[in-house]
Structures are given as C-alpha cells and as structure tokens.
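Colleague: model the structure of this input:
(2 chains)
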Amino acid sequence: MGTDSDVCASVLRFAAQRVLRYLETSQAWQQLGLAEGQFHTGDDPIRADAEAHQEFEAAARSHPAWSDLRVWSVVGEENILPPPETFSEGTRVIVLDSLDGSSMWAMLRQGYCVAAMSLLADSTGSLQLECGVIATPVHSFTLAGDELRFGPSFDGPGNDALMLSTVPEIDVRPRSLAINGYKARDRPLILEIMRRLPDWDVVTNAGNPANPYVVMGSLTATVNTRYQCTWDALGILACTATDAVVGNLEGTIVSGPNFRHLYNRLLLEGNVKCIPPMIVAKNLDRFLEVSAAVSEALRAVPPPDLMEP
Amino acid sequence: MVIEVEASAKIVSAVASVAKSTWSWLGRYSMRRTATDALNELLGVGLRTDTCFRIGVLHSTLERGSVHPDDAAAFATIAGPSLAHAMQSDWLLLDEVAGDLESNVVVIGSPGSEGLSRLIFGYQESSDHRLQYTGTTLDLPYRWEEDRAEVSASCLRMQPDGHTSRRPNWPIVDARHGLSLRPRTNNEGFLTSDYLLVTKLPNFLTASGNERGRTILSVGGSHGVATRAVEHLFSQPELAAELLRRHHGAPAPHFQALFEARSVVHSARLGSTARRLVLVDYVPLTFTDQAIHLAHRAAAERFTDWMRETEGRGIEPRRGVDPLS
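Modeller: Numbers count the residues shown, from 1 in each chain, chains lettered A, B, ... in the order given. As a prediction, this is how the structure comes out:
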C-alpha cells in the first residue's frame, strides 16, 4: 500500500489531467463567438488560467481521497489567500499554477503545463513540501519524497517509471539549452549567451515544462535568468532528486536538501519570487560550460533586472 | 430525491421508457406493497433515497459507451419505480452527469462491463486487456471470474438483436470453499443456466459516504442472462419472500446473495432469457472499521489509474475485438 504522499500525488495527477483536457478546448474561445473546437490563437490566457484553477479544484474535490487529505485551500496566482499563523499537524495546502506557460499556451498550445504541489504541516505547524506534479500534455513528472517518477500524462501513476539518473548525452545529437522567461528585452543577453555556445541548439521555451527533460530527454541544460516563484521552479526541485547538476549562475552547485529548504520558506501571500536564477544540466561539465557562458554574457551587456517579471 | 444515472441522455431516455412499461409488466403491483417496500429497503433503493445509478458501458463485444440490452433491462427493473416517479415530476435530462460517489450507488453489470465495479471489488485491467482480480478492497464470499486466461470453457447465447455469440463461460468463484460455479450448457453449447450475484456493501469509496451510512448495491451476472433475470426477484413473490426471510434478523444490512437463473430459452427476438430465478445462497456481511478503512484507502489509491483504464481520453470504440480474446 502506498504512502499518504503517494495518494496526495495521485489526487494532484488526476486533477492535472482534467485541467490539461480542459485547456485543450478552453472556454475562452467562446469569447470570440467561435464554436467549441475551432482553432484560434487569440484567446485570453489570463481567463484560461483562472478557469483552469477552478477546474483543478473541482476535479480534486471529486477524488475519493480528497476529504482524507485535509486540504486547507488550493492557492496560487489565481487564488491568493492570507494563511493562518499556524496549521494543525497533517493539514495540507495545495499550491497550484494551473497554466504554467500561459504565453506559450496562447501562442502555440505548446510548451505549457500544470504545476501543483502539496505542502504538509508538521508537528510544529510549519509547512514542508510533501509532493509535486508537473503535467505537460505529453508527460507527467511526480516528485514524492525524494523520488521522481514519470509517465504519460493521461496514464495512471501506477505505470510511472522511477527516475534516478539523467539520460546521458548522445554523441549524434548536438547539445541543447532551453532559456526560461525570455522576453524581447532580453535579446542582447540571449545573443551573448548563444555566441559563447556556438555548437549548442538554443530554445527560448523552458521552465517547468522543460526542466524535467534535462533528466528524461535529450535536453542538455536549462537556465533561468530571473528570480522565480516556488511553483515556477518545481521542475528544478524535481531534477535535484536525480544526479542532474543544479546551481546558480555563478557556478555554485546547490544540493537537493538546500534547494528544498528554499521551498520551506514559502510565503503564501502574494507572488513571492524567492528562487534565484538557476542552471540545470545533465552533468558537471555542461553545468560549468553554461555557467561560464552566462556569466560572461552578463558582463557583456547591461545587467537585467533579475526581479523583473 | 435525486437520481443520477451515469449514462448518456439518449440511453437513459430509452431505458426510462422501457422502465415505465416494464414496471407494470413485471407485475410489481401483483406483489403486496409491503413486500415490495421491504425488498426495496433490503436493496437500498426506493423513492426516498438519493441514488447514483451506473450501467455498464465497457462490454467487450460492444463499442465503448454502449449499453447492453440485458444491463438496460436490469436497470429498468431496479430503478423502474423511481424513474417512473421522476418522469411524472421533476425529470431533468442532461447530456452529461457526474455521478456522486458519496451517495447511494447502484451498479448494474459485472466488472467486465461496468467500470465502477472494478474499483469497488478490486479488478484491474492488464496491458494485454485481461481483467484480473486483485482483491485489494473487501474480502467477499463470492466474486466474478473475468480473466480470460483463467477460463477455457465457452458457451453460446442469443443476443437481443438475434445473432448468436460465443463467450467465455465465466464462472462465479466461491472464495470460502475454493469452488468455481460455472453456468450450465446443453449439448450444443447454449446456456441453460446462469448465475447472478447481488451484493450490498457500505459505500467505502468516500469517507463521508461511509459515515453517512450510504450503500453500494451491485447487480451482475456471469452473463447478461442472469443480470437481466433480476426482474424475477420482483415478479416471483416466493423468491422475494425467501430472500427477506433469510435477511430477517441479520446483524447488518449488507450481504451477498447468489442466484441461479434457470430454464434459459433462446429467441431470435428477445435473445437468451431465463424464465426463473432461484436463491442459491445468502451470506450476511459485517465489516470492521479497519477493513472499511483499508478498502477505502485501496480504492482511493487506485482511482487515478482506474479512471485511465475505464475512461481514457474519450470514447474509444473497440471494433473487431474477438469476444473470446
């Protein structure tokens, strides 16, 4: 029989599946008077995000195990609530980003995911990260305790595989870098990074939908150039459960427990960006290579505002 | 009163019209009203209960989402009076209804055709489409055998559309004595009998459902012949009386009742139907709080995987499936 965390993760997975299906045919299309199912890229991602949050919560509440989880609330960007001073032991708070990658969703219906994590109150009433799920339209990644599992998003967790180490680099494929949070104003910085990694493929689509693929896929590394909210960095935390190398832009490696400590400082009021810019890489060599390129690039261009959204 | 039926509006509408006529045709008025009320109370259905009905839509010989006529007939029997009453008052037909697992739940069909039964009784579909018993929920005296790898015998029956089908001759497993009770066939291989399992359990699917005393009623035969034959429970007063007599004085409202459907006749117009039902065994059931908790936990753990098995990403037609595969 699984642990309580496994059951909680299963509930998150189930609700995420419902949201993914909802996002495929968002009701936001109706704003433009189109029939359901008609393709249109001009949809309102803000509305879709808000409705996806409601969809997640409704789905989670329909799960037979919901009442067992003792969830105080499902919070996130779309439902910001002031927390009580303390929680009774065993109470849970679900932190949700119901549409992580809303810009990508609006543009392409690609490169987005549902990110949800459970925080569990311990005997002192303090919240600790219990488990988390990142569900893309293709794969779901579940972090429960110190284990990372993955499987097809619309399959059940019973068929997930355990991920212990990163898929090694393949000689026939070029190295690849995914840059998170790219905005048009970042172009000078990105160009400088690309200039210092001339043999690397570079994509400007990263974050939670991409980070787990440093472990599971052929993506060599990711870099986040700004501070992030904890739910935006769930994929980074998931990678620390394997032998992927995670560290800051200056090249200092951050271990899994230390990174998890950042999560346990989570504040539930407002969008608090407490996760600094990070690099995730398949191995130490590639981590150092990306770190060097980013550090040099930052010296070559005017420094960006790392807290700027 | 709320009746939720997890089936398409088209199916419910079709079945409801059958129910109205079936209700009188079954001769339920021929039974004394007190006997009917007592039977409804025993089964946990009736006009005063909020019930979620589920009809099997996973029959391996039909397109997923289709209801077998035998299951539809059984549903009409069980839900008939409630449906007829509802149609006269606050009848609401929707394209989609989400069932409430915290209410009383009635499931029509064995785990082979009815998806929620798999979660309730502990069945899991393997990657090669074998439906295997896992026994992770409640230990019960009887269960269905639905794994084709465990059944070598086959049987013939006529379907209501007139064609003849060959199916594995699914037995009922008597877990207490290690026996397999197999429906009988004649020399040509046609069914001459079938077994019906009626099970009433506490609704352990959700914590609140159990705390509020809600129940699960399952009506499912080895084959559809016995599932449909539940109608005799309401048209054979002596059968109902025997069941009530066996139940009288039982320590709890939960039970398993095994019936044998006999005198099966085969008609191109009606398919294979049984002319009478005989009570073979009645077993009262009691469960400890620990057993209920473990069953709930097992169902909750399985739920997400179960949704994938039984729902998928949409209706998946299963064309060209060999019924004996």
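Colleague: any idea how many residues pack against the closest residue to chain A within the stretch 51-200 of chain B?
Modeller: Shortest the stretch 51-200 of chain B-to-chain A distance, computed as CB to the nearest CB: residue-wise this is B:Leu101, at 6.0 Å. Bear in mind the C-beta positions are built from the backbone N, C-alpha and C, glycine included. Taking other CB atoms under 10 Å in any protein chain shown as the neighbour definition, B:Leu101 ends up with a count of 21.
Colleague: give me the pLDDT value at it.
Modeller: The model reports B:Leu101 with a pLDDT of 84.
Colleague: once you drop chain neighbours, what's closest to it?
Modeller: B:Leu205 (4.7 Å; CB to CB, 6 or more residues apart in numbering or on different chains).
Colleague: and the one you found, what helix or strand is that in?
Modeller: Secondary-structure element containing B:Leu205, defined by DSSP states H and E: none, the residue being outside all helices and strands.
Colleague: now do the phi/psi pair for it.
Modeller: Listed backbone geometry of B:Leu205 is phi -60, psi -40, with angles given as degrees, to the nearest 10.
Colleague: for the biggest helix by length in chain B, packing partners?
Modeller: For chain B, the longest helix by residue count, based on DSSP state H, is helix B:289-310. Judged by 3 or more CB pairs under 8 Å, 6 or more residues apart in numbering or on different chains; DSSP states H and E, helix B:289-310 is in contact with helix A:4-24, helix B:115-121, strand B:123-125, helix B:207-211.
Colleague: can I get the ones you listed in TSV including mean pLDDT?
Modeller: Output for the helices and strands packed on helix B:289-310, formatted as TSV (pLDDT from 0 to 100):
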stretch	mean pLDDT
helix A:4-24	93
helix B:115-121	95
strand B:123-125	93
helix B:207-211	89
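Colleague: and A:Gln128, which of these is closest to it?
Modeller: Proximity to A:Gln128, assessed across the helices and strands packed on helix B:289-310 by CB to CB, is greatest for helix A:4-24 (10.9 Å).
Colleague: what are the buried residues along that closest one?
Modeller: Of the residues in helix A:4-24, A:4-23 count as buried by neighbour count, 16 or more other CB atoms under 10 Å in any protein chain shown.
Colleague: following element in sequence after that helix, please.
Modeller: helix A:45-62.
Colleague: the inter-axis angle of that following helix versus helix A:4-24?
Modeller: Our comparison of helix A:45-62 with helix A:4-24, counting by axes from the mean of the first three to the mean of the last three CA atoms, to 10 degrees, yields an angle of 140 degrees.
Colleague: packing partners for helix A:45-62?
Modeller: helix A:4-24, strand A:71-76, strand A:92-100, helix A:102-108, strand A:113-121.
Colleague: what's the local residue count around the residue of chain B found nearest chain A?
Modeller: The minimum distance from chain B to chain A, using CB to the nearest CB, falls at B:Asp305 (2.8 Å). Neighbour count for B:Asp305, taken as other CB under 10 Å: 21.
Colleague: so which bits of chain A are right by chain B?
Modeller: Those residues of chain A that sit near chain B, judged by CB under 8 Å from any CB of the partner chain, are A:1-2, A:6-7, A:10-11, A:13-14, A:17, A:21, A:62-65, A:67-68, A:154-159.
Colleague: hang on, the earlier thing: I'd assumed A:Gly156 was in contact with the residue of chain B closest to chain A.
Modeller: Yes: under the contact definition of CB atoms under 8 Å, B:Asp305 touches A:Gly156, with a separation of 2.8 Å.
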